[in-house]
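Asks: Task: produce atomic coordinates for the following.
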Amino acid sequence: MQLHDTQLAADAVLSEGRALWRAELRATVKLALPIALTQLGQVAMMTSDLVLIGHLGDGALAAAALAQTVLFAAFVLGMGIVSAVAPLAAQAFGAREPRMVRRSLRVGLWAALLLGVPMTAVQYFGEDLLRLLGEDPASAHLAGIYLLGLGWSLVPGWWFIALRGFMGAVNRPEPALWITLVAIPANTLLAYALIYGAFGLPQLGLLGAGAGTTVINLAMCVAGFWIAYTQRPFRKYRVLGRFWRIDWPLLGELTAVGAPIAGAFLLEYGLFATAAIMMGWIGTVALAAHQVALQTAAILFMVPFGISMAATVRVGHAVGRHDAHAMRRAGFAAIGLGAAFMASMVLVIIACRHVIPQLFLGTSDDAETTATVALAATLLAFGATFFVADGVQTIAAGALRGLNDTRVPLLFAAVSFWAIGFATSYTLAFPLGFKAIGIWSGFTVGLAVYAALLVWRFNALTRRGVMPAPPGH
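Replies: Here you go, the predicted structure:
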């Protein structure tokens with residue numbers, strides 16, 4: 001009888017554990033889905049801009065790519081810092097401290113403003129920077145014109161990210177998606193009108209393309225503030241209350257968490273930028289095939305990136321409640337979900353590896369196009385492991401952000417991306433002669449090492465029940 005009772009108790013514990021994991025998965029999916037769709041919407045906005053600019057000619061398109069390289073380096077820096085709003089606000093929400101939720105958002109807005117003023121000024125020297133880097137003077141001049149309109153988009157873009165982090169932290173990420181869905185057609189229409197002079201607006205070409213993006217970013221930011229200040233459940237936080245007061249101690253905490261996130265983003269961005277340069281050394285076909293395969297990866301990446309942001313919030317909520325078991329469960333549920341999604345996508349990519357490049361390049365019988373399609377298909381096949389590792393690393397990093405653990409992952413990023421990833425890519429591509437395939441194989445090795453280190457780190461911290469200090473303490 002005693003043995004029977006023991007077995008019943010064990011079954012009950014097992015059943016309860018399974019129920020908790022199922023509930024965690026449901027909560028993660030519910031939070032991640034609108035975030036991922038928001039990210040995909042922003043990719044759609046960027047793609048529509050490039051399509052419209054492309055009709056101005058190859059020179060304009062090349063200049064836009066150069067300008068976005070300058071802007072994106074600055075944007076990633078601020079994005080990393082304001083990304084720290086999400087874990088700090090989530091921890092405060094979990095601890096039921098609404099005042100700290102507001103303070104976390106407020107310091108994120110101030111950080112964006114303080115960083116945005118000098119970074120916006122830098123954009124107006126974009127032409128000079130590109131000339132110093134040896135770019136063609138004509139392309140650098142056109143890129144400088146684009147940046148005149150685009151440069152002002154930094155602060156509203158960062159503010160919208162901070163507002164998204166706040167909304168996600170209180171379990172209501174949907175408004176950011178609604179705003180983005182409205183912004184996609186509005187951005188296309190405004191960009192078209194300002195580039196080509198439609199609907200009575202002046203014809204501004206590349207300047208109009210940049211200005212249109214800035215106007216839409218500003219409108220999205222204003223819409224985000226309006227929803228956060230007037231709509232339930234956000235209005236109870238009074239997000240603009242005492243906005244003029246800079247909370248220097250909490251701003252220091254935000255920077256301590258966010259600066260390493262920015263550093264890791266820049267290390268990863270730098271690796272991919274360097275890869276494009278190395279592909280250019282190999283030839284035009286290799287570079288074009290690389291861009292097709294990388295754009296495919298970027299679209300897929302938006303889903304695990306959404307799961308990553310959900311993981312930050314779910315882990316942060318558990319930290320705020322001082323629930324070590326929930327903290328560990330939230331992270332591993334998100335990692336498992338992301339790995340399963342990317343593994344399923346790998347099967348689709350491999351099956352469609354010859355079709356996907358044709359969507360970008362068409363079905364021309366031109367020898368160069370045929371060679372590019374064939375190489376892109378090969379890179380997509382070799383990228384199977386790359387896609388899964390990329391998904392796991394971003395989600396594991398998001399889970400660690402929920403613990404405010406960003407400095408050690410920054411060290412992992414430096415070692416994985418550069419000491420291992422870059423070195424392997426270069427060695428396989430050139431001394432060993434594997435060229436484009438070698439570069440992508442090196443990517444895979446670096447990302448796999450980074451993913452493994454981050455998962456190990458999360459496991460080690462949560463197994464010991466390590467809890468960060470609450471924000472503001």
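Asks: switch to C-alpha atoms for all contacts and neighbour counts from now on
Replies: Noted.
Asks: Flag the shaky bits of the stretch 51-200 of the chain, pLDDT-wise.
Replies: Within the stretch 51-200 of the chain, the stretches with pLDDT under 70 are 58.
Asks: State the distance from D136 to L150.
Replies: 20 Å (CA to CA, to the nearest Å).
Asks: quick one: the helices in the stretch 351-473 of the chain?
Replies: Assigned by DSSP state H, counting those that start in this stretch, the stretch 351-473 of the chain shows helices spanning 355-361, 367-382, 384-401, 407-413, 423-429, 435-463.
Asks: who's in contact with the fifth one?
Replies: This means helix 423-429. Residues outside helix 423-429 that contact it (CA atoms under 8 Å, 6 or more residues apart in numbering) are 434-443, 445-446.
Asks: Format the helices of the stretch 351-473 of the chain as a markdown table; extra columns: mean neighbour count, distance to L337 and mean pLDDT.
Replies: Listed next are these as a markdown table, based on neighbours: other CA atoms under 10 Å; distance: least, CA to CA, whole Å; pLDDT from 0 to 100:
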| stretch | mean neighbour count | distance to L337 | mean pLDDT |
| --- | --- | --- | --- |
| helix 355-361 | 17 | 25 | 78 |
| helix 367-382 | 20 | 22 | 83 |
| helix 384-401 | 27 | 9 | 91 |
| helix 407-413 | 19 | 21 | 95 |
| helix 423-429 | 21 | 29 | 93 |
| helix 435-463 | 22 | 14 | 92 |
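Asks: so which of those helices gets nearest I261?
Replies: Taking CA to CA, helix 407-413 is the member of the helices of the stretch 351-473 of the chain nearest to I261, at 7.0 Å.
Asks: Now do the closest one: which elements does it pack against?
Replies: Applying 3 or more CA pairs under 8 Å, 6 or more residues apart in numbering; DSSP states H and E, one finds that helix 407-413 contacts helix 248-282, helix 435-463.
Asks: How far does it sit from its chain's centre?
Replies: 17 Å (CA atoms, centre = their mean, to the nearest Å).
Asks: any idea how far E97 lies from R321?
Replies: Distance of E97 to R321, computed by CA to CA: 11 Å.
Asks: How many residues are close by P233?
Replies: P233 has 14 neighbours, counted by other CA atoms under 10 Å.
Asks: so what pLDDT did it get?
Replies: The model reports P233 with a pLDDT of 87.
Asks: Go ahead and list the helix or strand containing it.
Replies: Using DSSP states H and E, P233 sits in no helix or strand.
Asks: same question, the one 10 residues further on
Replies: Assigned by DSSP H and E, F243 belongs to neither a helix nor a strand.
Asks: How about the contacts made by it?
Replies: R106.
Asks: what's in contact with stretch 155-167?
Replies: In contact with stretch 155-167 (CA under 8 Å, 6+ apart) are residues 75, 78-79, 82-83, 85-86, 89-90, 101, 105, 108-109, 112-113, 116-117, 173, 175-176, 217-218, 220-221, 224-225, 228, 234.
Asks: quick revisit: now the helices and strands packed on helix 407-413 in CSV, with distance to M46?
Replies: As requested, the helices and strands packed on helix 407-413 are arranged in CSV below (distance: least, CA to CA, whole Å):
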stretch, distance to M46
helix 248-282, 17
helix 435-463, 25
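Asks: among these, which is nearest C352?
Replies: So among the helices and strands packed on helix 407-413, helix 435-463 is nearest, using CA to CA, at 18.5 Å.
Asks: Now do the closest one: which elements does it pack against?
Replies: If you count contacts as 3+ CA pairs under 8 Å, 6+ apart, helix 435-463 packs onto helix 248-282, helix 324-351, helix 367-382, helix 384-401, helix 407-413, helix 423-429.
Asks: Determine which of the ones you listed approaches G306 most closely.
Replies: Checked against CA to CA, the stretch from the helices and strands packed on helix 435-463 lying closest is helix 384-401, at 8.6 Å.
Asks: burial count for T296?
Replies: 17.
Asks: any idea how the protein splits into domains?
Replies: Domain ranges of the chain: 28-246, 259-464, per automatic domain parsing.
Asks: just to revisit the earlier point, so which of E97 and R321 has more stuff around it?
Replies: R321 (17 against 14).
Asks: For that one, give me the pLDDT.
Replies: 89.
Asks: quick revisit: format the helices and strands packed on helix 435-463 as a markdown table; extra columns: distance to F160.
Replies: A markdown table is the format used below for the helices and strands packed on helix 435-463 (distance: least, CA to CA, whole Å):
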| stretch | distance to F160 |
| --- | --- |
| helix 248-282 | 16 |
| helix 324-351 | 24 |
| helix 367-382 | 33 |
| helix 384-401 | 19 |
| helix 407-413 | 25 |
| helix 423-429 | 36 |
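Asks: now for those, which one comes closest to D49?
Replies: Using CA to CA, those put helix 248-282 closest to D49, at 20.7 Å.
Asks: Of all the residues in that closest one, which ones are buried?
Replies: Under the neighbour-count criterion of 16 or more other CA atoms under 10 Å, helix 248-282 has 250-251, 253-269, 271-272, 275-276, 278-280 buried.
Asks: Stretch 33-50 too?
Replies: 33-45, 48-50.
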